[in-house]
Structures are given as structure tokens and as C-alpha cells.
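**Student:** What would the 3D arrangement of this be:
(2 chains)
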There are 2 protein chains.
Amino acid sequence: MKRQTSAEEQNRPHVVILGGGFGGLQAARALRKAPVRITLIDSRNFHLFQPLLYQVATGALSPANIAAPLRAILKRQANVEVILARAEAIDPEAKTLRLHDGTELGYDYLIVAVGVRPHYFGNDDWETYAPSLKTIEDATRIRRRVLLAFEEAERESDPERVREWLTFVVVGGGPTGVELAGAIGEVANHTLRGNFRRIDPTQARVLLIESADRVLPSYPPDLSARAAESLAKLGVTVRLNTRVSDIAPDCVTLQSDDQQEVVRAKTILWMTGVRAVPFADALAAATRAPQDQLGRLIVQPDLTLPDYPDIFVIGDVAHYAHQTGKPLPGVAQVAIQQARYVARLIQARLRGKVSAPKPFRYVDLGYMATIGRAAAVVNLRGWHVHGLLGWLIWLFVHLMALVEFQNRLLVLIQWAWNYFTRNRAARLITAEPELQPERERQVV
Amino acid sequence: MKRQTSAEEQNRPHVVILGGGFGGLQAARALRKAPVRITLIDSRNFHLFQPLLYQVATGALSPANIAAPLRAILKRQANVEVILARAEAIDPEAKTLRLHDGTELGYDYLIVAVGVRPHYFGNDDWETYAPSLKTIEDATRIRRRVLLAFEEAERESDPERVREWLTFVVVGGGPTGVELAGAIGEVANHTLRGNFRRIDPTQARVLLIESADRVLPSYPPDLSARAAESLAKLGVTVRLNTRVSDIAPDCVTLQSDDQQEVVRAKTILWMTGVRAVPFADALAAATRAPQDQLGRLIVQPDLTLPDYPDIFVIGDVAHYAHQTGKPLPGVAQVAIQQARYVARLIQARLRGKVSAPKPFRYVDLGYMATIGRAAAVVNLRGWHVHGLLGWLIWLFVHLMALVEFQNRLLVLIQWAWNYFTRNRAARLITAEPELQPERERQVV
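**Tutor:** From the prediction side, this is the model:
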């Protein structure tokens, strides 16, 4: 059923949304009744539920369980057109974008929700030895490396090398690092139990490296303490007040105070440090908009860029400090609330309201992290919960937040399954060529 | 719980199984009570349910739904050790194998179930332009190409190029080709309906090329006719008595009688032609065992190789013509029944029975293929069924054949979902780098 766009529709104001993440998708949906033409641009054909990516990386869920095709989600919203593309440059005076394939696209309103990507603080070579977790491909790559480490250990005779294969270093004690380290501890101590004949997976060492004096430093101290307890139960060794000063193949150098320690590990995972995607720099250059040290765009109280009231920046790529003095955290709730604010603002302007709008205000509904099985730390508007109850709240909130009902059902079944059997059915070693003969093998 | 192997266990006869497919896995399970040490060797860490691979390739299922980790399946079978490796060479006199990493492995009994791989009849360059479907990676690659074709068509302005993007050529009218072509027809005519704003997915052309005078030539003629009807309903154009004489980028040359036709298509899929994997040639060279033109090993009535009564060859890689005069088909049932036969034979020998065994006999339980939604053709021991009933039988048989209960549940839910919504939630474009700028873009 090809949709015929009438001339009237063609003449509607054109809202271009860059990015189909939490912010971009929410913006498109919030404008579904608005008299506008919307073009949603993303380089991927699906919306990814980032918060559960670590579960794909540890074989608990399949990629499709936490991804929903953008076209399927927006199928019935006739005023949206989805384009699989990436914006590379902008001319804010002519109000046009240049896409990756050279085509030009004009806009009346631009909503920039392009997000951030992993950042290695100038040590780009570290990326090769310590992959990060931002995309589906990252998740399957990490899944592959973690599972392959146990396989290699099983085939290795030299105990020193076995120890290297069974040492996992997670850099960064924020929510993702904590959740990933916990999940790897769970895999080693429960999922793989009895799976091997030569090695004992429970002998694996999982190190979590955090530069602050506690894990989840952005959380209240009592929840950090609970998280640390849960990590300990899963055999995760937490190193606080510790930084990574160097990463080389199979080797990470830890720095605490004036002490250095070199840890030999075949699996090093980078769960700290992000930076705005390149388009943010192109946008800043073209609009002379200020950026913070992470390349995020410092926005006005109404989320626009200085001198460019038709360009809105939301989500992780936006630096909004007008509320608390420091930038809002890079979480889904911030992006979603900013998207709704911008959608309301655009519709008000379309109705001719030009008076200065109220500044954006973030309502913190809370935040949570899960650590292994039946354990989570939750802060719901100041109410602190942990353990099983916290886990059930975490479970409910995340299930409800999944975009498609089918996925809620599939995820629920797999969580129930994993809970009772402690199995992780999606632990496949994929996305790689066949095993290579010894001479051709390289560090995986 | 590291398992201690007693000296007694160490001294048991060593059965090495190459391949964790239907044959290899069944052989390992059938020997669970036998007083032997079993080593199962596969280059992948999971058993793959090949018959449903085309559903992963068309976004109906996730890879993990049709794959089960070998270690999880065999976890409780104490006499099996799983090694992630690939055999590269054999010394049948010394009874040793050399693995891909150079290590040597001895055996008392060897069960070779290494299967076949796609074959391009000497036109290896065709592989680049016309991928095949044998592995999980093949499936996600085809999924990517099929979905990306619609995305590119949506962004293309030149109608001629749009037509190229929306033309899908499936080479080979056997079960896999028929099922894949039907599924692509379903995607174009139902799944993607209303998903696009510029193109009309139902305008896509799906061509199925078969050299014989009917699809499913190995099936009874009436079922071939039913399959052809179902394909027509899904908008698939079947070309019979037609061969592929050349494949170039975006271009396939069809040959029927003395007529040539060049079809421009961005997506060409190779669902015909297989050959034994390289190890079969190494084995034949070392044992001087005869091979057929597909490289399959021509086995004795007891599935051993001539002069090597301790080497058994089963499944797709075995050429067994002692029953009907022509080789048995490469289907799961043959591999499974051969595995059970070999397991019984080995146990009989261990009990000292050296008398010549009865030759292997394949009991044909039937075969079936599904074409799109609620339609399948089934032959159960001579009873021919088609349409909805055939589909329900197909559904039941395939669900029951899945190795893990969790997967049965997940697959059932997704099939029910796809049946009612005609959606395919797993239609993700993954396993590839970000979109490339125009100058860098290459044919995908």
C-alpha cells in the first residue's frame, strides 16, 4: 500500500530527527498528531534498547529481543518517513544536511539525538585490545570473546596461560560495568558449571576497575555498598581508587596511588568513557555552538543551540546544566523527557506561540542497576530498594520499557528460564570465520 | 565441579566424533551408556538446527532460537568431552588426527560427520555475488542483504535501479530454495507492507530458478505442484528447465534450451550445489577411500571405509548407495539413523561381537517443506498432505525436533506472532560496519 502524499502534506513544515534512540524515537512519536512532515534518520534499521545490551553480551538474550525495527514501530504513523542514512555535514544558514551518500536534505526544524560513542581518551589503540559495548555488534563480539576464553582455557595445557584466559578485566564501575562484571561472574560461577572437563570455570577471576572510591559513584552510597556486596557474591573482585594507565595485548596496567600493577588477561572490556559522535563536532563547527570536553553540545535552557532556535539537541549528546549546575546524566529518561519537551515546543511555535518558553526541567524518576541473579539496587524518587524486591522492580520497569509486546514476552520467558536453570541459551560464538590454523591465528 | 577422570575411565576405548550436527550429536548421545571415552570435535560451540536457517535469513527467528550450545546439551553426559577445534589431517595407521592448532589426538573409533558446504561448480567468484546459506553467519548476511535491498530502493530515485534493488533471484528449487523464496515473497508482500513511503515492497520480483522440470524434484509430482501453487500465491516467479550460466555483480545469466536471458538483480542467492568439506578429501587421500563427484566418501554397507573398520562416515558427507542403488538424501533423518546404527555397532564390537553386521538400512519417515504462511507440503511414509494441515504437521515436527525446550517455546511464540501479525521482529540489519560514505561504498 504505497502512501500517496498530498501537496498539502508536502507543504507542511519538515522536522528532521537525527537518531532513532530513546530521544529520537520519542520525538517522532510525540509529534504524531502535529501538522508536520517528519524524517527520522538513523544509520541502523532498528531502535536498540541499550540498557539490556550487556545481557546480549553475556548470552542471556538475543539481539532481536532488545531491538525493534524502526519501520515496524512507526509503520502506522503516516507523517513519518524513515531513512537509513547518516548525516555528515550541516549548513545551518541554508538549513540543509548532507547525508553519507552525498544527498542533501532540507529541514525546518532539526532535532539532533545522535548520542555518544565509546572514547579511549586519546589511546585509540586500546580499542583493539579492550572492546567497548555500544552496538549489537559490540555485544556479539564481547559474547564471543568471553565464551571463547573458556574454550581456549579448556584446550590450553600451560597453567599460566589458562590463568590468562580465565582472567576478565572490566574497566569502569558505572552501571554498565557493574552489570557486565556481575553477569560474567554469573556465567563463570553458574552458567558454565559442569560444562568443561579440564578447567573449572568457577576459578575464573573477574576484576572490576573503578577510579572512584566506590562502585556506582553516581548512586547513593548505601546502594553502592549493596551493589559491592552482590558483586562479591558473584566472585567479582572490585578495585577502587584505581585507574588504567596502559592497555596492551593480553595485558592491562593498573595505577592506584603510586602503585602500579600489571594484570595479564586475555579479556579486557572498556566500560568507561564516551564522547559525542563526529556529527556533533560538525554541528558545533557550523553553528559555533560551545562543546564540553566530551564534545557534547552545550544547549540553551530550551535545548536549542545559541542563535539557532530551530536546532534542538537532546539526549546523551546534549550538555544541559541549567537545572542543577552540572550536566544531566546520559540516561534514557533524560532523552525521553527532552524529546517530549521539544515536541511540545515545536507544536507551540506552529500554533504561533513565540513567547520565550519555560526552560526544560528533568523529573528524576529514579535509576537502577541489576547485579547477577535476583539482585538489583534501585532508587525510585529517593526510595532505596535492593535484593530480590529491587530485582523485581528492575525486571518490571525494563520489561515495560521494551518497545514491542512480543519482545516483552520473549525476554520474560528467557529471564524466567535463566533464573531457574541458570542457563544462558544464547551463548553462541558467532560473527567470525571458522577457526584458523595455528600459524594464522591472531589475538581474538 | 571439576570432574575427576579415574584411571579406569582413562583406559576406556576412545571414540572421536568429528562434527556436532545431527549425526555427530546423535552418535554422542547414543553412546551415553557405552563404556567409552567420547571426544566430540566441532569448530562451532553450538549444534545448529539447519532446517530452520532460512527463517533466520528472513528475520522470522533469531540465531539462538535454532542453535543450542553443545556443552549445555552434553553437560550431564560424563563420558563426553567437547573440544572446539577442526580436524585437518589424519594418520589412519597410527590412528591419530591433527587439529587446526597443530595438536594431535588419538582415537580407537572415529565417527566422521563433518557434512558438506556450498559448492559453485568451479565458479568460486560467484560466491561473492551470490551468497549461500549454511551457517548462522550466512543467515545474518542474507538477512542483511535482503533487508538492505528494500532500504536502498527506498532511497533510490532512478526507477531502473529501484527495479534492480527489488529483484531477488534464488538459484535452486530444492527444499531450501523453495522455502527461502517463499519467505522472501512473504516479506515483500506482507511483512513490509506499509513500511515504506516511496517504494511499494509488493512490487518486488522474486525469481526461483530450477534446472529440472518442477520444483522439489526429489518430491512426488503432486507435492511439487502444490508447492508451485503456494509459491505463486506469494508472488514468486518459478523458472523451470533453467540453469544459471553466469553470475556477475548485480547480474545473473539464465540459460533455458538455447535461449539466454540476463537478469539484473542486486540480490542473488545460491541455494544449490554442495560439496564435502575439505577434511573428506584429506581422509580419502589417507585411506584411499573412494569419493563421488561431490567429494562424499563412498562407504561400505556398515558405514565404514574399505580396509578401515574403525572409521565410520555418516550424514551428508557419506555416500551410501547399498540400499536403493543411488545415494541417500542429505537430510537429518539419514544422519540420525546412521549415527544410531554406528553406535550400536561400536557397542556390539566392544562386547566382542565380531561377526559381519547387518548392513545399514534407512527407514524413510517422510519429508516436508513449508512455503510461506500456513502452507506446507508433507510426505509422511507415502501419505501426502498439503495446505494448512501440512503446515501444522510441519510445525509440530519441527518444534519437537528442536533440541532445547526453551527454544521450542520461543520459536512457537514467534511463529504464532508472525502468523497473526505477519511481522518478523528479527529483521535486523547487523553484522556490518556503519554505513559508508558514497566514495567508499561497495556492492553489498
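**Student:** avg pLDDT for stretch A:169-180?
**Tutor:** Regarding stretch A:169-180, the rounded mean pLDDT is 97.
**Student:** Quick check: the gap between residue A:155 and chain B.
**Tutor:** 6 Å (CB to the nearest CB, to the nearest Å). No exception for glycine: its C-beta is placed from N, CA and C like everyone else's.
**Student:** Surely that residue touches residue B:82?
**Tutor:** No: with contact defined as CB atoms under 8 Å, residue A:155 and residue B:82 do not form a contacting pair (10.6 Å).
**Student:** Mind checking which of those two has more residues around it?
**Tutor:** Using other CB atoms under 10 Å in any protein chain shown, the more surrounded residue of residue A:155 and residue B:82 is residue B:82, with 26 against 16.
**Student:** That one should be in a strand, yeah?
**Tutor:** Yes: assessed with DSSP: H, G, I helix; E, B strand; the rest coil, residue B:82 lies in a strand.
**Student:** Tell me which residues touch it, please.
**Tutor:** B:20, B:39-42, B:70-71, B:74 (CB atoms under 8 Å, 6 or more residues apart in numbering or on different chains).
**Student:** among those residues, which are within reach of chain A?
**Tutor:** Filtering these for proximity to chain A by CB under 8 Å from any CB of the partner chain leaves residue B:71.
**Student:** how many other residues sit next to the closest residue to chain B within the stretch 301-444 of chain A?
**Tutor:** Using CB to the nearest CB, the single residue of the stretch 301-444 of chain A nearest to chain B is residue A:426, 3.8 Å away. Using other CB under 10 Å, residue A:426 is surrounded by 27 other residues.
**Student:** Could you find the closest non-adjacent residue to it?
**Tutor:** residue B:64 (3.8 Å; CB to CB, 6 or more residues apart in numbering or on different chains).
**Student:** Contacts made by the helix or strand where residue A:244 lies with the rest, please.
**Tutor:** According to DSSP states H and E, residue A:244 maps onto strand A:243-248. The contact list for strand A:243-248 (CB under 8 Å, 6+ apart) reads A:123, A:126, A:129-130, A:171, A:209, A:211, A:252-256, A:260, A:268.
**Student:** from these, which would you call buried?
**Tutor:** When those are checked for burial by 16 or more other CB atoms under 10 Å in any protein chain shown, the buried set is A:123, A:126, A:129-130, A:171, A:209, A:211, A:252, A:254-255, A:268.
**Student:** Filter those residues down to the ones in helices?
**Tutor:** A:126, A:129 (DSSP state H).
**Student:** now, which of the buried ones among the contacts of strand A:243-248 sits nearest residue A:387?
**Tutor:** residue A:209 (25.4 Å; CB to CB).
**Student:** Just checking stretch A:26-44 against chain B, any contact.
**Tutor:** Yes: for stretch A:26-44, a contact with chain B is found by CB under 8 Å from any CB, at A:43-44.
**Student:** Repeat that for stretch A:223-237.
**Tutor:** No: judged by CB under 8 Å from any CB, stretch A:223-237 and chain B are separated, with a smallest distance of 15.1 Å.
**Student:** got a list of contacts for that stretch?
**Tutor:** A:178, A:181-182, A:184-186, A:188-189, A:202, A:204-208, A:214-217, A:219, A:238, A:369, A:371-372, A:375, A:377-379, A:384, A:386-387.
**Student:** ok so, going back, can you lay out the contacts of residue B:82 as CSV showing neighbour count?
**Tutor:** Below are the contacts of residue B:82 laid out as CSV (neighbours: other CB atoms under 10 Å in any protein chain shown):
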residue, neighbour count
B:20, 27
B:39, 20
B:40, 26
B:41, 22
B:42, 24
B:70, 24
B:71, 25
B:74, 22
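**Student:** residues near residue A:13, how many?
**Tutor:** 16.
**Student:** thinking again about what came up before, just the ones of the contacts of strand A:243-248 in strands?
**Tutor:** Using DSSP state E, the subset of these located in strands is A:171, A:209, A:252-256, A:260, A:268.
**Student:** from the residues you listed, which is closest to chain B?
**Tutor:** Of the ones in strands among the contacts of strand A:243-248, the one sitting nearest to chain B (CB to the nearest CB) turns out to be residue A:268, at 21.5 Å.
**Student:** ok, which residues in the stretch 101-250 of chain A are in contact with chain B?
**Tutor:** So the stretch 101-250 of chain A meets chain B at A:101-103, A:136-137, A:140, A:147-148, A:151, A:154-155, A:192-200 (CB under 8 Å from any CB).
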